[in-house]
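# sequence plus predicted model, see below.
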Amino acid sequence: MTRAIVTIAATTFKESIRNRTLLAILFLALAFIASAVVLAKLALDQKVRVITDWGLFCVSAFGVLLAILMGVSLMQKEVRRKTLYVVLTRPIARWQYVAGKYLGLAATLLVEVGLLSIAMLALLWLEGVSPGWLVLKALYLSMLEILMVAAVAVFFAAFSSPYLSGLFTLGIFVVGRSVPHLIEVIEKIDLAVPYYVFKSLFFLLPDFASFNVSTQAVHGLDISWAETGVLTAYSCGYLVLVLFFASWVFSRRNMT
Amino acid sequence: MNANAKAIEIRSLSKTFYVGLRRKKTVALKSLDLEVERGEIFGFLGPNGAGKTTTIKILVGLLRPDSGTAHLFGNSVRGNRARQQIAYLPELPDFYDYLTPGEFLKHCGRLSGLDYKDLRQRIPEILDRVGLNPIEKRAMRKFSKGMLQRVGIAQTLLADPDLYIMDEPQGGLDPLGRRWVKDLILELAQAGKTVFFSSHVLADAEAVCDRVAFLQNGQLIAQGTLRDLIRAQPGQWEVMVEGSAVLADEELKALTQSGQIHGENACLVPAGDAGPDALLPALLAKGYRIRSVKEHFSSLEEIFIDAMDNKPRESAS
């Protein structure tokens, strides 16, 4: 059981990490992070804040972009090219394929987002600032958010086309980041649909907003370890649930 | 594995697809029944869109049938046990862009349950057997279609299964490659393996198959051994006579159905169902020199075209 998952994960990792398109996006992201040096010069005495803010934004934005691109294309590409057929016709369960694919994708994202994070931390060190726990926690939570986005992308890729999967995942990400604002809005206006219906709906959506702590990191507002722990548990639970449904849908899919 | 079970046993298999936004109904298979014996080379033939790939995908567990059953060596195709005994080659496969063939075969071998030690030994051997460099370091995105087909065939050989299911195994190959696939299929059969392959190139099937089945619009329209299918149609006699003067002989015209120049000879087709019995004595009596007399049977292609004209034929098999 484990052998099949590890084999699929290892192959996915090798294939993704060597992918030239994804490498180009990674280099573009590194260039964007490096551009923080230019922006910091314009900000005069706010250099550290600008590097932190811009760096966290780039890590999150490019991480989410890579997660969506890889998540929606990996499985679909294998279906289109029939690579998947020689995998699924071996004595393995389809959930093992989904789990292996996700783990390989997660490993690739850990390496790529890890590199972006190191680039950002290196800029801070060059400015003579030692990044504290706050920035490290912000990067860690950003990584968790990216892993959740990847799980959502794999879920949609399990049954729909790459374009639709990409759109759906992006939509879920945008709504997930806006949940607190949407709740505020529906609390303020009088709606025909009961409030708890919306509240339940928002409960089903991933709460990505809680993982975006760049404002706290930039302004030095502490993020407690307890909060970090809760968010870690939440993200693990959410992505396991999403992958469970992805496996369930994928197991029933006809490979036409 | 059930020792008495057929290699493939399909009963009343049906599959319908609903395509597009309007859910247009497309019947891919209509109550298909088929049996393949162990150790056979079985050709599954039919025009494009006949339902060959749908049947194969059901056999290897990629598609679920609407109704009916399919078993491989007595195990339902829905379970993992059936998949432990097969190797599958999809039609015109394309594999991972950035992996080498060796890495891909290692991936496939691990998924088939082989350990690293076995794979280290088997992978170079198999790459060599399919005509690829055993230490090939190029990524597969740089491979031609024919090379990818060879990689596809290599992955089927890895676990040495009992049943090979191949969808158009000679697709994308040059004449030498096609010849090599034919030889490989014959080698597999000699080793006691069962080979079930689809093709629309009938000459390929004719050269290697023990039995064939013709599929059209999701229905089996003919099946049997090649010999039975071919003998099921009366043969046509051809009498080769030296020189072309015989074609102008008015007295012989009543005994011949047709005649044409064939190099320096004339080829006569005797009239009637009696074959050359009446024509030969007449030719000898007139002093013509007979070069050869042979019975010409329909080719698989002619039988196939005949079967496509909705003339169901089931031979004893």
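Thanks, I have the structure now.
# could you use CA atoms for every contact and neighbour count after this?
OK.
# got any ranges where the stretch 101-250 of chain A has weak pLDDT?
Applying pLDDT under 70 to the stretch 101-250 of chain A flags the ranges A:191-195.
# neighbours of the residue of it found nearest chain B, how many?
In the stretch 101-250 of chain A, the residue that lies nearest chain B is A:Phe250 (11.2 Å; C-alpha to the nearest C-alpha). Using other C-alpha atoms under 10 Å in any protein chain shown, A:Phe250 has 20 other residues around it.
# what sits against it?
Residues counted as contacts of A:Phe250 (C-alpha atoms under 8 Å, 6 or more residues apart in numbering or on different chains) are A:94-95, A:98, A:158-159.
# what comes up buried for whichever helix in chain B runs longest?
In chain B, with assignment by DSSP state H, the single longest helix is helix B:175-190. For helix B:175-190, burial by neighbour count (16 or more other C-alpha atoms under 10 Å in any protein chain shown) applies to B:177-178, B:180-182, B:185-186, B:188-189.
# B:Met166 should be in a strand, yeah?
Yes - checked against DSSP: H, G, I helix; E, B strand; the rest coil, B:Met166 lies within a strand.
# for it, give its distance to B:Leu247.
49 Å (C-alpha to C-alpha, to the nearest Å).
# again with A:Ser200
Distance from A:Ser200 to B:Leu247, by C-alpha to C-alpha: 93 Å.
# which one's more surrounded, B:Met166 and B:Leu247?
B:Met166 (24 against 19).
# what sits against the more buried one?
B:88-91, B:195-198.
# B:Gly177 too?
Counted by C-alpha under 8 Å, 6+ apart, B:Gly177 has contacts B:146, B:170.
# now B:Val60
A:89, B:77, B:83, B:86, B:88.
# just the ones of those in strands?
Among those, the members falling in strands (DSSP state E) are B:86, B:88.
# max pairwise distance over the contacts of B:Val60: which two?
B:Val77 and B:Tyr88 (13.0 Å; C-alpha to C-alpha).
# up against chain B, what does chain A have?
A:3-4, A:7-8, A:11, A:14-15, A:18-19, A:78, A:81-83, A:85-93, A:253-256 (C-alpha under 8 Å from any C-alpha of the partner chain).
# please look at A:Trp54 and A:Ile33 and confirm they touch.
Yes - using C-alpha atoms under 8 Å, A:Trp54 is in contact with A:Ile33, at 7.1 Å.
# by mean pLDDT, point me to the weakest helix or strand of chain B.
The helix or strand of chain B with the poorest confidence is strand B:313-314; it has a mean of 46 (mean pLDDT, DSSP states H and E).
# circling back: among the residues of chain A next to chain B, name the buried ones.
A:4, A:7-8, A:11, A:14-15, A:78, A:82-83, A:85-93, A:255.
# domain parsing for chain B?
Using automatic domain parsing, the domain parsing of chain B gives B:8-85+B:161-231, B:236-296.
# quick one: distance of the shortest one to the chain centre.
Averaging C-alpha coordinates over domain B:236-296 and over its chain gives two centres that are 36 Å apart (C-alpha atoms, centre = their mean, to the nearest Å).
# pLDDT check: weakest of the contacts of B:Met166?
Across those, no position has a lower pLDDT than B:Glu91, which has 88.
# residues contacting the residue lying closest to that one once chain neighbours are set aside?
Leaving aside its chain neighbours, B:Glu91 sits nearest to B:Asp167 (4.9 Å; criterion: C-alpha to C-alpha, 6 or more residues apart in numbering or on different chains). Applying C-alpha under 8 Å, 6+ apart, we find B:Asp167 in contact with B:53, B:56, B:88-91, B:197-199.
# let me know the pLDDT of B:Asp167.
91.
# who does it bridge with?
B:Ser198 (DSSP bridges).
# helix, strand, or coil at B:Ser113?
Just so we're on the same page, residue B:113 is Gly rather than Ser. Classified using three-state DSSP, B:Gly113 is coil.
# that one: neighbour count?
15.
# mind checking how far it is from chain A?
Computed as C-alpha to the nearest C-alpha, to the nearest Å, the B:Gly113 to chain A distance reads 8 Å.
# and for B:Gly43?
For B:Gly43, the distance to chain A - C-alpha to the nearest C-alpha - is 21 Å.
# that residue belongs to a helix, doesn't it?
No - B:Gly43 is assigned strand when assessed by three-state DSSP, not a helix.
# now name the helix or strand holding the nearest residue to it once chain neighbours are set aside.
Spatial nearest neighbour of B:Gly43, excluding adjacent residues (C-alpha to C-alpha, 6+ apart): B:Val212 at 4.4 Å. Using DSSP states H and E, B:Val212 sits in strand B:211-216.
# now the element after that strand, going C-ward?
strand B:219-225.
# run through the neighbouring helices and strands of that following strand.
strand B:24-36, strand B:211-216, helix B:300-308, strand B:313-314 (3 or more C-alpha pairs under 8 Å, 6 or more residues apart in numbering or on different chains; DSSP states H and E).
# just put these in JSON lines and tack on distance to B:Leu63 and mean neighbour count.
JSON lines is the format used below for the helices and strands packed on strand B:219-225 (distance: least, C-alpha to C-alpha, whole Å; neighbours: other C-alpha atoms under 10 Å in any protein chain shown):
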{"stretch": "strand B:24-36", "distance to B:Leu63": "12", "mean neighbour count": "16"}
{"stretch": "strand B:211-216", "distance to B:Leu63": "18", "mean neighbour count": "24"}
{"stretch": "helix B:300-308", "distance to B:Leu63": "26", "mean neighbour count": "17"}
{"stretch": "strand B:313-314", "distance to B:Leu63": "28", "mean neighbour count": "16"}
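# among those, which comes closest to A:Leu44?
Of all the helices and strands packed on strand B:219-225, strand B:24-36 comes closest under C-alpha to C-alpha, at 65.4 Å.
# packing partners for the closest one?
Going by 3+ C-alpha pairs under 8 Å, 6+ apart, strand B:24-36 lies up against strand B:8-19, helix B:52-59, strand B:219-225.
# could you check the angle strand B:8-19 makes with it?
170 degrees (axes from the mean of the first three to the mean of the last three C-alpha atoms, to 10 degrees).
# report the inter-axis angle for strand B:24-36 versus strand B:211-216.
Using the same axes, to 10 degrees: strand B:24-36 against strand B:211-216 is 170 degrees.
# and strand B:24-36, average pLDDT?
91.
# could you export that strand as PDB, CA atoms only?
This file holds the C-alpha atoms of strand B:24-36, laid out as PDB (Å, rounded to 0.1, in the frame of the first residue of the first chain):
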ATOM      1  CA  LYS B  24     -26.100  12.600 -27.100                       C
ATOM      2  CA  LYS B  25     -26.500   8.800 -26.700                       C
ATOM      3  CA  THR B  26     -23.700   6.700 -28.200                       C
ATOM      4  CA  VAL B  27     -23.900   3.000 -27.900                       C
ATOM      5  CA  ALA B  28     -20.300   1.600 -27.700                       C
ATOM      6  CA  LEU B  29     -21.100  -2.000 -26.900                       C
ATOM      7  CA  LYS B  30     -24.200  -4.100 -27.400                       C
ATOM      8  CA  SER B  31     -24.400  -7.300 -25.400                       C
ATOM      9  CA  LEU B  32     -20.900  -8.500 -26.300                       C
ATOM     10  CA  ASP B  33     -19.900 -12.200 -25.600                       C
ATOM     11  CA  LEU B  34     -16.400 -13.300 -26.100                       C
ATOM     12  CA  GLU B  35     -14.000 -16.000 -24.900                       C
ATOM     13  CA  VAL B  36     -10.300 -16.200 -25.200                       C
END
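# need the next SSE after the helix or strand where B:Leu229 lies, C-terminal direction.
Element membership for B:Leu229 (DSSP H and E) is helix B:226-231. Counting by DSSP H and E, the next helix or strand C-terminal to helix B:226-231 is strand B:236-242.
# poorly predicted segments of the stretch 151-300 of chain B, please.
B:230-235, B:274, B:296-300.
# what residues does chain B put near chain A?
B:54, B:57, B:60-64, B:80-81, B:83-84, B:86-90, B:93-99, B:107-108, B:110-112.
# not counting its neighbours along the chain, what's nearest whichever residue of the stretch 151-256 of chain A sits closest to chain B?
Closest residue of the stretch 151-256 of chain A to chain B, C-alpha to the nearest C-alpha: A:Asn254 (4.8 Å). The shortest distance from A:Asn254 to any non-neighbouring residue, by C-alpha to C-alpha, 6+ apart, is to B:Leu63 (4.8 Å).
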